[in-house]
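Q: pasting the sequence and the predicted model now:
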Amino acid sequence: MGVAITTPDLEPAPTRPGPLRTRLLPYGLVTPSVAVIGGILAFPLGMLVWLSLQHYGLRELIAHQGEWVWLDNYRAILVDPLFRQVIFRSLAFTFACVVLTVVLSTLIALLLQRVRRAVRVIVMSALVFVWATPVIVTVDIWQWMFDYEFGVINYLLTQLHVGNFIHHNWFDNPLQGWGVLVVVAVWGAIPFVTITVFAGLLQVPGELLDAAQVDGAGGWQRFRFVTAPMLKPIFLIATCLSTIWDFGIFNQPYVLLNQRPSSDYYTIAIYSYRESFGVSQYGLGATIAVLMVIVLVVVTFLYVRETLKVAEIQ
Amino acid sequence: MIAREAARGVQAGRGRAETQTLTSVRAGRHLRQLAFDVTGIAVAVVMLFPIYWMVITAFKPGRDILTLEPKWFPAPFTLDNFKDAIARPYFLEDVRNSLVIVGVMLVLALLISFLAAVATARFGFRGRNAFLVMIIGVQMVPLNALIIPLYLMLDGVGQTDALPGVIAVYLAVVLPFMIWTLRGFVANIPAELEESAMIDGCTRVGAFFRITFPLVGPGLVATAIFGFIQAWNEYIIAYVLLSSPGNQTLTVWLASFTTNHGPEWGPLMAAATLTGLPVVAFFLLLQRYLAGGLTAGAVKG
């Protein structure tokens, strides 16, 4: 839903001096959300850090008592070559997905402005359909379409003379397998970003574009110097959310590889999950999860700062 | 005379030239419009194809599914896959669980996020910006990272393998986005409307519920759809927290179609269609209220 984009219009709701009850009212109103978000997310986040400093296996789980090992888990993970591979792969995957998602969605959104009404309704409905279909369902569909024996994609590619794809297993070669994952992730992400960007395009005043045209700006220049700057907050949020989602991706590789992905297909979320629930090393799993959050914070720091700036200025 | 004739000739020529360029411009525009429309249709086809493929696979008999040359239409049409899927153990229990979880979660989420949205859109108070920063910040934390502590925490209070635990987690996950969105919608409604109602003798709360609440309807719908999709589609938390088959949700049930011999495509596609159906129905049902709301609330803020 194109909605996180709402930059708060902080016409600072004026603090009116009033009776104590009125002044306390807003606090009463936010208390439930603070309690839920704090209790269910903030507390476990702290617990995650605490857990990452302990040796916490199956025995400790049963005893509800971990063994404090300070930074041993971090030391073990950081020298683990698999971890470095996984981080690198997750980052590369995220980069490819985010770039493709934002570029393709922007192109589709621009296209939507130019097509006739009926076509726009058709494309919008298609986007909404894809967006409304549960991820776990769409992953199953893609798995079926990419099936090595009876998959429709192998058939189509062979028929179109792209090559001989009969009995081609896309997941034999990790590079191809990750390509498939990018396709699946981008396809799933396009509706949200397209609808968001399209909603943003509607807000760009036509007069501005006309004026730019009169001044001799071509199509690309109009986009680059008029539309894009106005859409900046939207691009920021869309990029930021896509980065978070793509970096933490779990369902797509997990289901596409029959819930038994080989280490070639570990994303950082799957790696953490495997360490915890596969081999019952909850401490190590927590350590990976903490590192995941840290990497994500570093990567998205700039977006978030910009977003907050936009929000604060108004 | 001659001059006049010449002028007329020139005028006529110019007129002809103008009509010519005009028609060619028009034709060019027409062509370009056609190109845009065709590209648009192509985009729709590519986006929709996977869903089309799921639905027709679900209606094909087994022998038509596993063919080297795929059939583009379910020519002999069958409901066997659906019958097979529904007959699997725990289907009804899992449908019920999904509905209960999403329903309860959504009601609570709308209520709680609405209160917070009003607080942040209508009141200036100390800590308001801190609250907003928390709302954005929390969305940065990937849920997958929290599975272990969530599991341990809920295990400590006996809420693993129980619906309330999952409801609480989903609630916390969808709240930040819903608050942020609703905030924009509430802020869009001029406070003057409320104030004039108060002058007419409404109480602050009364004014709020009579004036602002109805106007914020599209916003509530938009956020409800978002929450519904998020919760209905969630897999990993449900998978980890709910261990006994009778307590699981539809997404976990779906995953059970993949056996050691690989997935059974026909029943799986039928089950996937069934799982996706409520979301699409919910969306279509409410879309009418959403049409303006989605875009308006989306960007203005």
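A: Done, it's in. Everything numeric in this text was worked out from a predicted model, so none of it was measured.
Q: how about the residues of the stretch 151-300 of chain A by chain B?
A: Residues of the stretch 151-300 of chain A lying near chain B by CB under 8 Å from any CB of the partner chain: A:152, A:155, A:166, A:187, A:190-191, A:195-196, A:198-200, A:202-203, A:234, A:241, A:244, A:247-248, A:250-251, A:255, A:258-259, A:269, A:272-273, A:276-277, A:282, A:285-286, A:289-290, A:292-293, A:296-297, A:300. Any C-beta I mention is one placed from the backbone N, CA and C, and that applies to glycine too.
Q: centroid-nearest residue for chain A?
A: Nearest to the centroid of the C-alpha atoms of chain A, with distances taken as CA atoms, centre = their mean, sits residue A:245, at 1.8 Å.
Q: in three-state terms, label it for me.
A: Reducing the assignment at residue A:245 to three states with DSSP: H, G, I helix; E, B strand; the rest coil gives helix.
Q: is it in contact with residue A:189, as I believe?
A: Yes: shown here, residue A:245 and residue A:189 form a contact pair, counting by CB atoms under 8 Å, at 7.1 Å.
Q: one step back: next, the contact list for the residue nearest to the centre of chain A, please.
A: residue A:189 (CB atoms under 8 Å, 6 or more residues apart in numbering or on different chains).
Q: distance of it from residue A:139?
A: Taken as CB to CB, to the nearest Å, the spacing of residue A:245 relative to residue A:139 amounts to 14 Å.
Q: and the strands in chain B, which stretches?
A: Using DSSP state E, the strands of chain B run over residues B:258-259, B:262-263.
Q: give the bridge partners for residue A:68, please.
A: Legend: beta-bridge partners of residue A:68 under DSSP bridges are residue A:54.
Q: so it touches residue A:53, yeah?
A: Yes: judged on CB under 8 Å, residue A:68 makes contact with residue A:53 at a distance of 6.5 Å.
Q: these two: which has the busier surroundings?
A: When neighbours are counted by other CB atoms under 10 Å in any protein chain shown, residue A:68 and residue A:53 differ, and residue A:53 comes out ahead with 19 against 10.
Q: not counting its neighbours along the chain, what's nearest that one?
A: residue A:70 (6.0 Å; CB to CB, 6 or more residues apart in numbering or on different chains).
Q: what of residue A:48?
A: Distances taken as CB to CB, 6+ apart place residue B:149 nearest to residue A:48, at 4.8 Å, with adjacent residues excluded.
Q: from residue A:161, how far out is that neighbour?
A: 53 Å.
Q: more neighbours: the two, which one.
A: Here residue B:149 and residue A:161 are set side by side on neighbour count (other CB under 10 Å), and the busier one is residue B:149, at 23 against 7.
Q: these two touch, right, the more buried one and residue A:41?
A: No: between residue B:149 and residue A:41 there is no contact under CB under 8 Å: 9.9 Å.
Q: circling back to that earlier point, now do the same for the residue nearest to the centre of chain A: its pLDDT.
A: What the model reports for residue A:245 is a pLDDT of 85.
Q: list the buried residues of the longest helix seen in chain A.
A: Of all the elements of type helix in chain A, the one with the most residues (DSSP state H) is helix A:81-114. Residues of helix A:81-114 classed as buried by neighbour count (16 or more other CB atoms under 10 Å in any protein chain shown): A:83, A:86-87, A:89-91, A:93-94, A:96-98, A:100-102, A:104-106, A:108-112.
Q: C-terminal to that helix, what's the next element?
A: Sequence-wise, the next helix or strand beyond helix A:81-114 is helix A:117-132, with elements assigned using DSSP states H and E.
Q: next SSE downstream of that following helix?
A: Once the chain leaves helix A:117-132, the next helix or strand it forms, by DSSP H and E, is helix A:135-145.
Q: what angle separates the helix or strand immediately after that next one in the chain from helix A:135-145?
A: Remark: after helix A:135-145, the chain's next helix or strand is helix A:152-159, criterion DSSP H and E. The directions of helix A:152-159 and helix A:135-145 differ by 40 degrees, with axes from the mean of the first three to the mean of the last three CA atoms, to 10 degrees as the criterion.
Q: what's the burial count for residue B:157?
A: Residue neighbour count, defined by other CB under 10 Å, stands at 10 for residue B:157.
Q: ramachandran coordinates for it?
A: Here the main-chain torsion angles of residue B:157 (degrees, to the nearest 10) amount to phi -110, psi 20.
Q: contact partners for the residue nearest to residue A:48?
A: When contacts are counted by CB under 8 Å, 6+ apart, residue B:149 is found next to A:43-45, A:47-48, A:51, A:286.
Q: apply 6 Å and report the result again.
A: A:44, A:47-48 (CB atoms under 6 Å, 6 or more residues apart in numbering or on different chains).
Q: take the residues you listed and keep only those in helices.
A: Using DSSP H, the members of those that fall within helices are A:44, A:47-48.
Q: and which of the residues you listed is nearest to residue A:64?
A: Checking the ones in helices among the contacts of residue B:149 against residue A:64 by CB to CB gives residue A:47 as the nearest, at 12.5 Å.
Q: what is the burial count for the residue lying closest to residue B:187 once chain neighbours are set aside?
A: Counting by CB to CB, 6+ apart, residue B:121 is the residue found nearest to residue B:187 once chain neighbours are left out, at 4.1 Å. Other residues near residue B:121 come to 25 when the count uses other CB under 10 Å.
Q: could you report the pLDDT at residue B:121?
A: On the pLDDT scale, residue B:121 gets 84.
Q: how about it, what does it touch?
A: Residues in contact with residue B:121, defined by CB under 6 Å, 6+ apart, are B:183, B:186-187.
Q: so what pLDDT did residue 298 get?
A: Just going to use chain A. The pLDDT attached to residue A:298 in the predicted structure is 86.
Q: oops, chain B please
A: Residue B:298 carries a pLDDT score of 39 in this model.
Q: would you mark the buried spots in the helix or strand that contains residue A:240?
A: For residue A:240, the enclosing helix or strand under DSSP H and E is helix A:232-247. Burial within helix A:232-247, assessed by neighbour count using 16+ other CB under 10 Å, is assigned to A:233-247.
Q: now, which of the contacts of residue B:121 sits nearest chain A?
A: Nearest to chain A among the contacts of residue B:121, counting by CB to the nearest CB, is residue B:187 at 5.5 Å.
Q: that closest one - how many residues pack around it?
A: With neighbours defined by other CB under 10 Å, the count for residue B:187 comes to 23.
Q: related to what we said a few turns ago, Serialize the contacts of residue B:121 to JSON lines and add fields for pLDDT.
A: JSON lines is the format used below for these (pLDDT from 0 to 100):
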{"residue": "B:183", "pLDDT": "85"}
{"residue": "B:186", "pLDDT": "83"}
{"residue": "B:187", "pLDDT": "80"}
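Q: which SSE is residue A:193 in?
A: Here residue A:193 is covered by helix A:174-201, with elements defined by DSSP H and E.
Q: state the mean pLDDT of that helix.
A: 91.
Q: and the angle for that helix with helix A:135-145?
A: 130 degrees.
Q: buried stuff in helix A:174-201?
A: Per 16+ other CB under 10 Å, helix A:174-201 contains these buried residues: A:177-178, A:180-201.
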